[in-house]
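1. Fold the following, please.
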Amino acid sequence: MGGVGRGALVFSDEFNGSVVDAAKWTVRDEERTEPSRTDGFRWWYKPSTVRVAEGNLAIDIAALGHGVYAGGRIDSHGKFDFTYGTIEFRIRFPPTQGHLSAAWLQASRGLADGARNAARGAEIDLIESNFAGDEYTATIHYGGYGAGHIKSAQRVNAPGLHSGYHTIGLSWSPSTLEFRYDGKPVRTVTDPALISTVAEFPILSQEILQWAQGSIADAPLDRASTLYVDYVRVWQ
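-> Numbering: from 1, shown residues only. Now for the predicted structure:
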């Protein structure tokens, strides 16, 4: 099943079952409210928002109480990671209304605090759908999440982002990160300071972040707010 130039398929989930495959993924349950948040809302990752149905992973948005909301996250930390290769997600993105959908990688050993480059591990956001229009950000974070945090972000034009399914891809080698939208390169990184050289694991999530455009108070909180993922595939 490897694509041309992609190598062998080393990991995949087509989400054809009835529940999340616990051998591949962990479903998170934790509060994620930003310390800097000023609008009074709180939010969590909750397993109750994560389901598998009709050949898709579905991550819903829900209200837990007044001003308290739930998104969701699955990740393969401790179950699958890789160093170099190609990863692709096929996703249907909901409208952005105070929440965003994300497909990303995280260094298995975490981000090294104070690191001046990404070689020892990075958070690589293939997509964060934080804009109401057809665009998103592709971002590389390193140096930890404290005072030494550094990020390199690029805004990506994404025709039809909130309509139908789209493929989100990344080809990662020791010399290049190539981000793709529907098979077309949208960001190419060759600066070695921005390229991780260590194992990373995939993550899918719905995040109720204050800097996402719109307000979560206006989101429908029904299936129109749901992130649908058809597959995740990794080749090496």
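2. from here on, contacts and neighbour counts on C-alpha atoms
-> Fine.
3. if we look at stretch 173-181, which residues are touching it?
-> Residues outside stretch 173-181 that contact it (Cα atoms under 8 Å, 6 or more residues apart in numbering): 84-85, 126, 138, 158, 166-172, 185-192, 195-197.
4. Just the buried ones from these, in PyMOL syntax?
-> Only the buried entries of those go into this PyMOL selection, using 16 or more other Cα atoms under 10 Å:
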select buried, resi 84+85+126+138+158+166+167+168+169+170+171+172+186+187+195+196+197
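5. Any regions of this protein where pLDDT drops low?
-> Under the criterion pLDDT under 70, the flagged ranges of the chain are 1-5.
6. Contact partners for the residue nearest the centre of it?
-> In the chain, the centroid-proximal residue (Cα atoms, centre = their mean) is Ala103; its distance is 2.0 Å. Counting by Cα under 8 Å, 6+ apart, Ala103 touches 89, 125-128, 202-205.
7. among those residues, which are in strands?
-> Using DSSP state E, the members of the contacts of Ala103 that fall in strands are 89, 125-128, 202-205.
8. mind checking how far the residue in the chain sticking out farthest from the centre is from Gly40?
-> When distances to the mean C-alpha position of the chain are computed (Cα atoms, centre = their mean), the maximum falls on His66, with 26.9 Å. Using Cα to Cα, to the nearest Å, His66 is found at 10 Å from Gly40.
9. and Val186, that one's in a strand?
-> Yes - using DSSP: H, G, I helix; E, B strand; the rest coil, the secondary structure at Val186 is a strand.
10. how close does the residue farthest from the centre of the chain get to Ser215?
-> Taking Cα to Cα, one finds His66 at 14 Å from Ser215.
11. for Arg73, same thing?
-> From Arg73 to Ser215 the distance is 20 Å (Cα to Cα).
12. Tell me which of those two has more neighbours.
-> Arg73 (25 against 16; other Cα atoms under 10 Å).
13. wait, what's in contact with the more buried one?
-> Here Arg73 is in contact with 27-28, 45-47, 50, 59, 203-206 (Cα under 8 Å, 6+ apart).
14. Got a PyMOL select line for the buried ones in the residues you listed?
-> Under the burial definition 16+ other Cα under 10 Å, those of those that qualify are selected in PyMOL by:
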select buried, resi 27+28+45+46+47+50+59+203+204+205+206
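15. before we move on, back to that, in strands, which of the contacts of stretch 173-181 appear?
-> Using DSSP E, the subset of the contacts of stretch 173-181 located in strands is 85, 126, 138, 166-172, 185-189.
16. Spatially, which two of those residues are the most separated?
-> Largest separation among the ones in strands among the contacts of stretch 173-181 by Cα to Cα: His166 and Val189, giving 21.7 Å.
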